[in-house]
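**Q** return atomic coordinates for the entry below.
(chains A, B, C and D)
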Number of protein chains: 2
Amino acid sequence: MADIPTPAVTISAIAEEAGVSAPTVSRVLNGRGDVAPATRERIESLLRARGYRRRGSRGGEMVGLLDLVFNDLDSPWAVEIIRGVEDAAHAAGSGIVVSAIHRRESSTRQWLQNVRSRTSDGAILVTTDLDSSLRAELEELHMPSVVVDPVGVPDLAVPTIGATNWAGGLSATDYLISMGHRRIAFVAGRPELWCSRARLDGYRAGLETAGLNVDDDLVVPGEFDYESGFRAGERLFGLADPPTAVFSASDQMTLGVYEALRRRGLRVPADISVIGFDDLPEARWASPPLTTVRQPLAEMGRLAVHTVHRLARGEAIESPRVELATELVVRDSTAPVTVSSAE
Amino acid sequence: MADIPTPAVTISAIAEEAGVSAPTVSRVLNGRGDVAPATRERIESLLRARGYRRRGSRGGEMVGLLDLVFNDLDSPWAVEIIRGVEDAAHAAGSGIVVSAIHRRESSTRQWLQNVRSRTSDGAILVTTDLDSSLRAELEELHMPSVVVDPVGVPDLAVPTIGATNWAGGLSATDYLISMGHRRIAFVAGRPELWCSRARLDGYRAGLETAGLNVDDDLVVPGEFDYESGFRAGERLFGLADPPTAVFSASDQMTLGVYEALRRRGLRVPADISVIGFDDLPEARWASPPLTTVRQPLAEMGRLAVHTVHRLARGEAIESPRVELATELVVRDSTAPVTVSSAE
DNA sequence: CTGAAAGCGCTTACAG
DNA sequence: CTGAAAGCGCTTACAG
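**A** Below is the predicted model of the structure:
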């Protein structure tokens, strides 16, 4: 949805439409107390409806600021995206405003409030849950936006950028099969996320193509974080017939699997092969360095910047949905299945 | 140095002082080409000298934006700071603009350029190298700033926030000594950084207090990153008389040490004890979970926000130099020295 | 609680 | 290359 340049929504335009004077609208905007509740309400809804945004004396130029919104900043995953976004934004002479909304309605309100008072050229939303209402508001603010790694099925109203999760799941599984593994476990990611589904389906497809059954005991739930990876590992290696390889849907969970293995005295990759997903710096730093499916997070961030900037300039974008390629990165956590572990 | 409210430096004030008209100054500010070089230069230096900042029609209010500047965004260390800053800034209704200047003069210029055109309430500089010239410019922009984890000896002109690095170095060393270790190695951080020196001195103090000699073979250089930690590990365990414990000045280097140990078939903590510094999330996720000196990075970020905000409001700050306490976090990478390794 | 008037900081044609 | 004039978007007293 490229923005058709609308007839500048100024304070006086709003005032006219509301049947009041400009100073009154100004008072509402600045939160001065002395406005009749009814008037205030009428003006406020009009401001929202028309997407009023404070602007300098100069017209509709870009302000050189892009909003980058996460649910949480507590994962190393987030930095990778920040890096790509920072890089591309600064190259384009723009700054990035980083926010975390913690999946809380209140934080989201506050962020919108903040955005409204300072203006920015667009928003990059990362795995945001509250798309529906949030996006409606952004629409009202006439703020171009793009979603990186969307939660649910992309609805095409907002452009999305992701990775080829299904293909990544497939390539990891294929690789393990090519090393002779037959009992391959999968530790899933947060089930409500679109990308988790795709990775799981890629894993299933890999097994089925090779004529292997999907053993439900070997598919365990996870939440993408270290703790759930650890729990998954405990469960998997407590099995009567444990797997010879584990593929988990995030690097962080894989580190949890490592620890579960260490506690049982099992060695990677001698006793068991392990593959992760993401290729965070942590994957290189793991001991042994982790074989993983690389997701080009920084590139996704860069592309997101170019996409919002296009939207902000009213240019067309190639496709509302882009998936960048994942790639298997082989390191030291995978090895051919051994006779002892395979039996 | 709190800002005394100066007589608003507006375009017309600059114009008058430069002996030109307001439109001419406006043209310079907007990079229009049609200004005589001499005029442009005169105006530009005046803009800098007077600390001209674009402001809305409303006066000297705060704009609700804080700049957070890193050299690089490639370490998990950075996110911890971002988290604290984001948290405190949003609580105060402010957004944060995150930049990476990559130690490059050009990126720094670009950032300053960017800041100049959009205005922000202040800057938080993290381990910035180019303090001298950069800070002079910020001073000119009348932009309050604080440095987190300063590179060199703090000069008191700008408030700084750090951690008790010396005490942290001491407590890690004391702890290892209390476990019976006598040959304790130290992997140092980037030598030009103030915090590296303090950690090293804390280590030395710990040894000396216990009546142990500092063995120069056991003090190896590092750069804070994984690779230098790995190299340090290789060197240390190639020694004729290797250490029974290693204390390294960052968690990232410690992960490199882990890998060097794994390659030699040495086990943590059975064969050797290891302590890190920082307590990044990575420390919890290491296998085995890492004993480390916690640095309250998020709190340092939060304090930085409160400090710039105070400066921005012209309030006094308690102390130009604050150090927050470090704390030893004991996990599974340390154990009493064993007879076999101690001999 | 609201508006008419004045004003502020800045920019945009226009003219030379 | 530069300025006088007009104008824009907004806010600030002031008056009722």
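
**Q** all strands of the stretch 151-300 of chain A, in order?
**A** Taking DSSP state E, counting those that start in this stretch to define them, one finds strands in the stretch 151-300 of chain A at A:160-163, A:184-187, A:219-220, A:245-248, A:273-278, A:291-294.

**Q** other SSEs contacting the second one?
**A** Looking back up the chat, that one is strand A:184-187. Contacts defined by 3 or more Cβ pairs under 8 Å, 6 or more residues apart in numbering or on different chains; DSSP states H and E place strand A:184-187 against helix A:165-178, helix A:194-209, strand A:219-220, helix A:226-236, strand A:245-248, helix A:251-263. All C-beta spots, glycine's among them, are computed from the backbone N, C-alpha and C.

**Q** name the stretch among the strands of the stretch 151-300 of chain A that sits most buried.
**A** strand A:245-248 (a mean of 31; mean count of other Cβ atoms under 10 Å in any protein chain shown).

**Q** who touches that strand?
**A** For strand A:245-248, contacts defined as Cβ atoms under 8 Å, 6 or more residues apart in numbering or on different chains pick out A:169, A:172-173, A:176, A:179, A:181, A:183-187, A:203, A:222, A:229, A:232-233, A:236, A:254, A:257, A:272-277, A:334, A:337.

**Q** got it, and stretch A:186-194?
**A** Stretch A:186-194 is contacted from outside by A:127, A:149-154, A:162, A:165, A:195-197, A:199-200, A:203, A:218-224, A:228-229, A:232-233, A:236, A:246-250, A:253-254, A:257, A:277, using Cβ under 8 Å, 6+ apart.

**Q** and chain B, is stretch A:289-299 touching that?
**A** Yes - remark: stretch A:289-299 sits within contact range of chain B at residue A:289, by Cβ under 8 Å from any Cβ of the partner chain.

**Q** so which strand or helix has residue A:328?
**A** strand A:327-329 (DSSP states H and E).

**Q** chain center to that strand, what's the gap?
**A** Counting by Cα atoms, centre = their mean, to the nearest Å, strand A:327-329 is centred 20 Å from the centre of its parent chain.

**Q** identify the neighbouring strands of that strand in the sheet and state each direction.
**A** When sheet partners are counted by DSSP bridges, strand A:327-329 sits next to strand A:291-294 (antiparallel).

**Q** CA-only coordinates of the strand it pairs with in CSV, if you can.
**A** Provided in CSV are the C-alpha atoms of strand A:291-294 (Å, rounded to 0.1, in the frame of the first residue of the first chain):
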residue,chain,number,x,y,z
THR,A,291,26.9,-26.9,12.8
THR,A,292,23.8,-24.8,12.1
VAL,A,293,21.4,-23.4,9.6
ARG,A,294,22.4,-19.9,8.9
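
**Q** report the buried residues of stretch A:197-209.
**A** A:197, A:198, A:199, A:200, A:202, A:203, A:204, A:205, A:206, A:207 (16 or more other Cβ atoms under 10 Å in any protein chain shown).

**Q** nearest to DNA strand C, of the residues you listed?
**A** Set against DNA strand C, the nearest of the buried residues of stretch A:197-209 by Cβ to the nearest atom of the strand is residue A:198 (46.9 Å).

**Q** check the closest residue to that closest one other than its chain neighbours and give its pLDDT.
**A** Of all residues not flanking residue A:198 in the chain, residue A:165 sits nearest, at 3.6 Å (Cβ to Cβ, 6 or more residues apart in numbering or on different chains). pLDDT, residue A:165: 97.

**Q** tell me which residues touch residue A:165, please.
**A** Residue A:165 neighbours (Cβ under 8 Å, 6+ apart): A:194, A:195, A:198, A:199, A:202, A:323, A:326.

**Q** okay, those residues in a markdown table with distance to residue A:98 and pLDDT next?
**A** Putting the contacts of residue A:165 into a markdown table (distance: Cβ to Cβ, whole Å; pLDDT from 0 to 100) gives the following:
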| residue | distance to residue A:98 | pLDDT |
| --- | --- | --- |
| A:194 | 23 | 88 |
| A:195 | 22 | 93 |
| A:198 | 27 | 96 |
| A:199 | 27 | 98 |
| A:202 | 31 | 98 |
| A:323 | 24 | 94 |
| A:326 | 25 | 98 |
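
**Q** which one of the residues you listed is nearest to DNA strand D?
**A** residue A:194 (38.6 Å).

**Q** shaky segments in chain A?
**A** A:1-7, A:54-61, A:129-132, A:153-156, A:339-343 (pLDDT under 70).

**Q** looking at the stretch 151-300 of chain A, what residue ends up closest to DNA strand D?
**A** residue A:158 (26.1 Å).

**Q** and that residue, what does it touch?
**A** Residues near residue A:158 by Cβ under 8 Å, 6+ apart: A:131, A:135, A:145, A:146, A:147, A:320.

**Q** and for residue A:235?
**A** So residue A:235 contacts residue A:220 (Cβ under 8 Å, 6+ apart).

**Q** can you give me the domain assignment for chain A?
**A** Domain ranges of chain A: A:11-50, A:65-163+A:297-325, A:165-295+A:328-342, per automatic domain parsing.

**Q** residue B:301 is nearest to which of the ones you listed?
**A** domain A:65-163+A:297-325 (10.8 Å; Cβ to Cβ).

**Q** gap between the two ends of the closest one?
**A** Start-to-end span of domain A:65-163+A:297-325 (Cα to Cα, to the nearest Å) is 28 Å.

**Q** go on, stretch A:148-163?
**A** Length of stretch A:148-163, first residue to last, Cα to Cα: 9 Å.

**Q** name the element residue A:306 belongs to?
**A** helix A:297-312.

**Q** what angle sits between that helix and strand A:273-278?
**A** 20 degrees (axes from the mean of the first three to the mean of the last three Cα atoms, to 10 degrees).

**Q** and the next element down the chain from helix A:297-312?
**A** Once the chain leaves helix A:297-312, the next helix or strand it forms, by DSSP H and E, is strand A:321-324.

**Q** one step back: distance between the helix holding residue A:306 and the chain's centre?
**A** Distance, centroid of helix A:297-312 to centroid of chain: 13 Å (Cα atoms, centre = their mean).

**Q** tell me which residues in stretch A:302-318 are buried?
**A** For stretch A:302-318, using 16+ other Cβ under 10 Å, the buried residues are A:302, A:303, A:304, A:305, A:306, A:307, A:308, A:309, A:310, A:311, A:312.

**Q** residues in contact with the last one?
**A** Think residue A:312. Contacts for residue A:312 (Cβ under 8 Å, 6+ apart) come out as A:62, A:121, A:122, A:144.

**Q** now it: how far from DNA strand C?
**A** In this structure, residue A:312 and DNA strand C are 17 Å apart, going by Cβ to the nearest atom of the strand, to the nearest Å.

**Q** distance from the helix or strand hosting residue A:90 to the middle of the chain?
**A** For residue A:90, the element it lies in under DSSP H and E is helix A:76-91. Centroid separation between helix A:76-91 and its chain, computed with Cα atoms, centre = their mean, is 13 Å.
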